[in-house]
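1. what shape does this take:
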Amino acid sequence: MTGPRQPKDMPGLLKFCLEATRNEDAPVQDPDKVLQEMDPERKKWLEEALSSMAVDFIEQLGNGIKILNSDTADLEEKEEVLDKLEDWLGNIDMAVNFHKIGGYSCLRNCMLCPHPSLRSGASHLIAEISQ
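-> Coordinates of the predicted model:
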């Protein structure tokens, strides 16, 4: 059995929370009604909190590609980027997005790099993308 879908917006987050606390002492309420009746200041605060927690993975992938292609980034920073990319690109959709934004070229550069850690990291990443 899988858990509930992760919320992507304010109504979804509210519905998620209400469903998660349904068996507790929280009264059963309609999420849309609760959102409409919510104090505007509190609603704004919750929306800002939700948006600050959201991660733009395409932007993160792009930043990682820039670091890997950079001549000024140090070895440790590039190794960290490869580790993060390996985590993110386990999802086939993210691997496709990585390809669409030109990520494979940075892997080629890493494979040709004299540092064994970057060659190894790029090899692991290629293996992860290929699965």
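
2. drop to CA atoms for contacts and neighbour counts, all remaining ones
-> OK.

3. ok, the spatially most central residue of the chain to Met94 distance?
-> The chain has Phe57 as the residue nearest its centroid, 4.5 Å off, counting by C-alpha atoms, centre = their mean. Per C-alpha to C-alpha, to the nearest Å, Phe57 is found 8 Å from Met94.

4. any low-confidence regions in this protein?
-> 1-10, 22-29, 31, 54 (pLDDT under 70).

5. can we see that at 90?
-> 1-60, 71, 86-97, 102, 128-131 (pLDDT under 90).

6. can you give me the helices in it?
-> 10-20, 31-37, 40-53, 57-69, 75-88, 92-100, 103-111, 116-130 (DSSP state H).

7. now do the buried residues in the fifth one.
-> Yep, that's helix 75-88 we're talking about. 78-79, 81-82, 85-86, 88 (16 or more other C-alpha atoms under 10 Å).

8. who's in contact with stretch 61-71?
-> 73, 77-78, 81-82, 85, 98, 101, 103, 106, 109-110 (C-alpha atoms under 8 Å, 6 or more residues apart in numbering).
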